[in-house]
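Undergrad: here is my input; please provide its structure:
(chains A and B)
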Amino acid sequence: MKAYPAIILFWALAVPAMAADLQEVRVAATVSADTVGVQDQFQLTVRVSGSDLADVAPPRLPGLRGLRVVAGPSISTQFQWINGRSSHSKSFIYVLMPETEGQFRIEPIEVQVGNRIYRTEPIDVRVTAAGAAPPARRPAFTDPFAEPDLEPPQPRPRGDELFVTAELDRTSAYVGQQVTLSYYLYTQVGVTGLQLQDHPPLNGFWVEDLEVESDPVGTRKVVDGREYVAYLIKKQALFPNTHGRLTIPPASFAVSARSAGGFFGIFGQSETLYRKTRETALQVRPLPSAGQPPDFTNAVGSFALSARLDKADAATGDAVTLEIRLSGSGNMKMIPDIPLPPMPDFTVYSSKRVDNVRPDAAGRIGGEKSWEYVLIPKVPGTHTIPRLSFSFFDPEAAGYRAVTTEPLTLRVARGSDTGGVLAGFSGGGKQNLTRQARDINFIKLAGGSLRAGARPAYQAPWFYALAALPVLFNIGILLHRRSHARLAANPALVRSRKARALALARLKRALQAGRADPRRFYDEAAHALSGYLEDKFQLPEIALTGDVLERTLAGKGIAPEVVRATTACLQDCDFGRFVSASPAPEKMAQLAQRIRSAIEGLERS
Amino acid sequence: MMRPPRLCRVLAFLLAATPVLPARTAPEELFARANALYQQGDFAAAERAYRELADAGIDSGELYYNLGNACFKQNKLGEAVYFWERAARRLPGDTDVRENLELARRLVVDRIEVAESPLPLRWLSAALHRFTPSQESWAAFGLFVAGNILLGMTLLARRPRLARWSLAGCLTAAALFLLVSGSLAWKLYERAYRPEGVIVAQAVEMRSGPGKGYLTVATIHEGLKVRIRGRADDWYQIVLPNGWSGWLPGDSLRILE
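TA: This is a model prediction of the structure:
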């Protein structure tokens, strides 16, 4: 508890002192030039000054739009003692380089000193087209009276005494065709070192780095009337993947150069300079679609194909090596395996694949690709390995070409491993059936019925008429059975139905009998008629005489003239039977006719 | 209902074919000639010859099958499917037709997921589509006559044993008759009221209404078999196997008869 006053006293004294200390810190940012050429580098200095700068963190640079830090920060510290007051300053120096032309602003830079953060004022920088830039600097070299404090003399080669270029060996190419990109350093001053600073990715290309000599030999070249020594500093083989206008973005290099000329050249100072190449473009043409072979696999260049077998004679079960070799120059690394034709008589194993693709002395990518297959013959005989074919696009001839191998012949003897005659039974010689193609079935050569307008039977009326026949037949059967059943249940009705037929039959017999004996005719005829009346009207025999009959028949609603005719017939018959039988046949026929008509009359009524 | 168009067709054939066929070529002869052209690889000429026969009203499964083949060989998948489907209706049990249709179905661009119906339903459908209406009508006819004769025998039989057997036969025939005539009736109903069509345009936009101004629901491709649900002017309302429906212009599909 006793410690508190002491702590409070300490804070009361220390905090204001610390605050006063911190207030002296000043942070400022300056640039070496506020107008620069696009090819020029310039310095950004962040200067922190104060009495105690023991704990200064390197500044945090904001996002620099349009500018790029190519070096730094390099730190310089100064210590001054003025009027009994010490002052420190610490400068962080960055080397910046513009990316494009335009007006850019360096946003406030934050610097942490102790645990406080200080901000600088924003700075505007104007970037002009290359070459138009450094007029401000020229006087600095030539005018000895310029203020050395503001613009310290920087003995360095001017922009056009040293530059780098990116050069393509052609301005247009086909997709997949090799284009060589070379970077050259042109200099009029001595160069002691070179480093690739920034190399943006090359979009749309497959890139293969080509080797350059580590100690390049310069060649003398004249550019714009001035003589330079040109060094090849970097080389790449590019294979465009797509068509259209493809750009090679600028690459920047850090060059250590000895200062040339000027007052200070004599000291032989060396300094790092930053140089950027110009953006270059390549026009890439698509491969023509006309005449493109079906087996084309985007190979572009110039190739040769060969195939060989390691032996010409073998036995079944032996291993034979087939080597396919593709050589030439072009985008070989992108070439897929060359497909083998179907070889049903061999078991095929892929064994080895060798890629030997390298740039040649001229920087052309090329070489050799080889595939090895182990073939094991399954069937004895002479086998031919068909031609292998490879298609590619030849950019020099601007057309597609194909290379083929010669067919290879292999004589296969029956080996011992097949088990002789039993091979077919053991299943050893069998192979899986593979479908090689699919097609539709063949046409039908027999046309079936080729009648026009054939109408289906079920639409024709006769079809239904025909179907109705068995129905009608069955209905007939049914009706027949029903009437049969009715008759079976009523004998009187049966008798009544059969009465007429029976009577007519008796009458016929009567006429026959009458020829020999007339009296028998009258007898029979009487029986026929009276029998009919008995059956038809269920009359007892007693009722068949005279008045009784007439009354009975009239009672059944039969017409009087029919009744009269019937009784007359009966009387005539009786006359013939009992009184005098006329032997004249016409008389008999006449009577028979009268009886018949009487029966018909009775039937009708 | 069927009569006037048929009559017109026959008349049209008589009018049109007479000058075309100088020496009244018999259909069999023309068919053989078309087959020969096909075998020589002149598929276009073979197609023309087959079409001449088809236009003449010859309604034969073999003819449609060959015509489908000739179309297929010229990469007209839609037309090929159309004619093979027609052939399948006339030769329902034919393996060649079925296999070609299967192959064609694999080549159709659109893959439409359809839930598979249960096995008994599939069997029933396969059995139903195994016979042509004509064959079924004759089968129904035979069963009807046989059933009636057996009924007659039942009625006439004196011995009860014979009567029993013939009655059993009669009832069996009646059951089969009902089955076959039911199938026939369904088939005739389907053809009359639920027609199908085949897309013959390479690709056609199915729209939400009968006109170019309506929204495109889906793009379908040649060879697809669809059900026709309705018609407005020259547009058909169709239903895809998965149940989607939309409208197609009339020239993009052909109706199966």
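
Undergrad: get me the contact residues on the stretch 101-250 of chain B for chain A.
TA: Selection of the stretch 101-250 of chain B residues close to chain A by C-beta under 8 Å from any C-beta of the partner chain yields B:103-104, B:133-134, B:137-138, B:141, B:144-145, B:148-149, B:151-152, B:155-156, B:184. Where C-beta positions appear, they are placed from N, C-alpha and C, glycine not excepted.

Undergrad: can you flag which of those belong to helices?
TA: Those of those mapping onto helices are B:103-104, B:133-134, B:137-138, B:141, B:144-145, B:148-149, B:151-152, B:155-156, B:184, per DSSP state H.

Undergrad: give me the buried entries from those residues.
TA: Buried members of these, scored by 16 or more other C-beta atoms under 10 Å in any protein chain shown, are B:103-104, B:133-134, B:137-138, B:141, B:144-145, B:148-149, B:151-152, B:155, B:184.

Undergrad: need the longest helix for chain A.
TA: Longest helix in chain A by number of residues (criterion: DSSP H): helix A:461-489.

Undergrad: and the strands in the stretch 151-257 of chain B, which stretches?
TA: In the stretch 151-257 of chain B, the strands defined using DSSP state E, counting those that start in this stretch lie at B:196-199, B:203-207, B:216-221, B:225-232, B:235-239, B:245-249, B:253-255.

Undergrad: among those, which is the most enclosed?
TA: The highest mean neighbour count among these, using mean count of other C-beta atoms under 10 Å in any protein chain shown, belongs to strand B:196-199: a mean of 22.

Undergrad: how big is the angle separating the longest helix of chain A from helix B:133-156?
TA: Angular relation of helix A:461-489 and helix B:133-156 on a 0 to 180 degree scale: 10 degrees, by axes from the mean of the first three to the mean of the last three C-alpha atoms, to 10 degrees.

Undergrad: okay, the angle between the very next helix or strand once past helix A:461-489 and helix A:461-489?
TA: As assigned by DSSP states H and E, the chain's next helix or strand after helix A:461-489 is helix A:491-516. Angle of helix A:491-516 versus helix A:461-489, following the same axes, to 10 degrees, is 90 degrees.

Undergrad: hang on, the earlier thing: elements contacting the longest helix of chain A?
TA: The elements that helix A:461-489 packs onto, with contact taken as 3 or more C-beta pairs under 8 Å, 6 or more residues apart in numbering or on different chains; DSSP states H and E, are helix A:491-516, helix B:133-156.

Undergrad: got CSV for the ones you listed, with distance to A:Q571 and mean pLDDT too?
TA: Converted to CSV, these look like this (distance: least, C-beta to C-beta, whole Å; pLDDT from 0 to 100):
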stretch, distance to A:Q571, mean pLDDT
helix A:491-516, 17, 85
helix B:133-156, 49, 90
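
Undergrad: of the ones you listed, which stretch is the most buried?
TA: Compared across these, helix B:133-156 shows the largest average neighbour count, a mean of 19 (mean count of other C-beta under 10 Å).

Undergrad: how far does that helix sit from its chain's centre?
TA: Put simply, helix B:133-156 sits 27 Å off its chain's centre (C-alpha atoms, centre = their mean, to the nearest Å).

Undergrad: list the helices and strands that helix packs on?
TA: Here helix B:133-156 touches helix A:461-489, helix B:160-193, going by 3+ C-beta pairs under 8 Å, 6+ apart.

Undergrad: change it to 10 Å
TA: With contacts taken as 3 or more C-beta pairs under 10 Å, 6 or more residues apart in numbering or on different chains; DSSP states H and E, helix B:133-156 sits against helix A:461-489, helix B:77-90, helix B:160-193.

Undergrad: quick one, which of those helices gets closest to A:S351.
TA: helix B:77-90 (42.7 Å; C-beta to C-beta).

Undergrad: can you name the residues of chain A that neighbour chain B?
TA: Chain A comes close to chain B at residues A:438-459, A:463-464, A:466-478, A:480-481, as judged by C-beta under 10 Å from any C-beta of the partner chain.

Undergrad: low-confidence regions, the chain specifically.
TA: Since you didn't name a chain, this refers to chain A. Chain A contains residues with pLDDT under 70 at A:1-23, A:81-85, A:130-159, A:259-269, A:416-431, A:452-454, A:542-543.

Undergrad: actually chain B
TA: When residues are selected by pLDDT under 70, those of chain B lie in B:1-25.

Undergrad: how's it carved up into domains?
TA: Domain assignment for chain B by automatic domain parsing gives B:3-107, B:119-193, B:196-255.

Undergrad: from the stretch 251-400 of chain A, which residue is nearest to chain B?
TA: A:P294 (16.3 Å; C-beta to the nearest C-beta).

Undergrad: so that residue touches A:P339, yeah?
TA: No: A:P294 is not in contact with A:P339 according to C-beta atoms under 10 Å; the separation is 11.7 Å.

Undergrad: quick one: the helices in the stretch 1-150 of chain A?
TA: All helices of the stretch 1-150 of chain A, identified by DSSP state H, counting those that start in this stretch, fall at A:4-23, A:137-142.

Undergrad: how much space between the residue nearest the centre of chain B and chain A?
TA: Nearest to the centroid of the C-alpha atoms of chain B, with distances taken as C-alpha atoms, centre = their mean, sits B:R89, at 3.2 Å. Counting by C-beta to the nearest C-beta, to the nearest Å, the separation of B:R89 from chain A is 12 Å.

Undergrad: what sits against that residue?
TA: Taking C-beta atoms under 10 Å, 6 or more residues apart in numbering or on different chains as the contact definition, B:R89 lies against B:61, B:64, B:97, B:129, B:132-133, B:187, B:191, B:196, B:256-257.

Undergrad: how about B:Y38, what does it touch?
TA: By C-beta under 10 Å, 6+ apart, the residues touching B:Y38 are A:442-443, A:445, B:45-47, B:49-50, B:66-67, B:69-70, B:73.

Undergrad: now these in JSON lines, with distance to A:I595, secondary structure and neighbour count?
TA: Below are these laid out as JSON lines (distance: C-beta to C-beta, whole Å; DSSP: H, G, I helix; E, B strand; the rest coil; neighbours: other C-beta atoms under 10 Å in any protein chain shown):
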{"residue": "A:F442", "distance to A:I595": "86", "secondary structure": "coil", "neighbour count": "12"}
{"residue": "A:I443", "distance to A:I595": "83", "secondary structure": "coil", "neighbour count": "21"}
{"residue": "A:L445", "distance to A:I595": "80", "secondary structure": "coil", "neighbour count": "13"}
{"residue": "B:A45", "distance to A:I595": "89", "secondary structure": "helix", "neighbour count": "16"}
{"residue": "B:A46", "distance to A:I595": "86", "secondary structure": "helix", "neighbour count": "26"}
{"residue": "B:E47", "distance to A:I595": "87", "secondary structure": "helix", "neighbour count": "24"}
{"residue": "B:A49", "distance to A:I595": "83", "secondary structure": "helix", "neighbour count": "24"}
{"residue": "B:Y50", "distance to A:I595": "81", "secondary structure": "helix", "neighbour count": "28"}
{"residue": "B:N66", "distance to A:I595": "81", "secondary structure": "helix", "neighbour count": "27"}
{"residue": "B:L67", "distance to A:I595": "81", "secondary structure": "helix", "neighbour count": "28"}
{"residue": "B:N69", "distance to A:I595": "85", "secondary structure": "helix", "neighbour count": "26"}
{"residue": "B:A70", "distance to A:I595": "86", "secondary structure": "helix", "neighbour count": "28"}
{"residue": "B:K73", "distance to A:I595": "91", "secondary structure": "helix", "neighbour count": "19"}
